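Undergrad: Following is a predicted model, sequence given first.
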Amino acid sequence: MAKTQLNVRVDEDTARAARERALERGMSVNRYIEELVRQDTGEVGHTFVEAAADFMKQYETVFAEEFGEEHEGRRGQH
């Protein structure tokens with residue numbers, strides 16, 4: 001999806017809260033705001049799937065190292 005720049009003005013308390021919440025969630029302020037708007041417009045399920053996909057991409061090698069060989073061995077047993 002193409003990105004469009006949107007400039008908004010908020011008071012300093014709101015800006016600080018947005019930065020803190022984004023940091024707590026390990027995401028950029030842009031991504032945090034995007035997710036809030038999606039939730040407000042009813043795209044919560046889509047947002048969850050995107051977040052899960054991002055998580056899996058980020059930790060794919062960890063899962064492969066931890067469960068890869070075990071999983072491969074179990075496939076033949078089912």
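TA: Nice, thanks for sending it over. Since we're looking at a predicted model, the values are computed, not measured.

Undergrad: Domain ranges for this structure, per the record?
TA: Following automatic domain parsing, one finds the domains of the chain at 1-42, 44-78.

Undergrad: Name the helix or strand of the chain that has the lowest mean pLDDT.
TA: The helix or strand of the chain with the poorest confidence is helix 44-75; it has a mean of 73 (mean pLDDT, DSSP states H and E).

Undergrad: what's the burial count for the closest residue to Ser28 other than its chain neighbours?
TA: Using C-beta to C-beta, 6 or more residues apart in numbering and skipping the chain neighbours, the partner closest in space to Ser28 is Ala22 (6.2 Å). Yep, even glycine has a C-beta here, placed from its N, CA and C like the rest. By the measure other C-beta atoms under 10 Å, the count of residues near Ala22 is 17.

Undergrad: contacting residues for Ala22?
TA: By C-beta atoms under 8 Å, 6 or more residues apart in numbering, the contact set of Ala22 is Ser28, Val29, Arg31, Tyr32.

Undergrad: The same query, at a cut-off of 10 Å, please.
TA: Ser28, Val29, Asn30, Arg31, Tyr32, Ile33, Glu35 (C-beta atoms under 10 Å, 6 or more residues apart in numbering).

Undergrad: Of the residues you listed, which is the nearest to Glu12?
TA: Ranked by distance to Glu12 (C-beta to C-beta), the contacts of Ala22 are led by Val29 at 13.8 Å.

Undergrad: No more questions from me, cheers.
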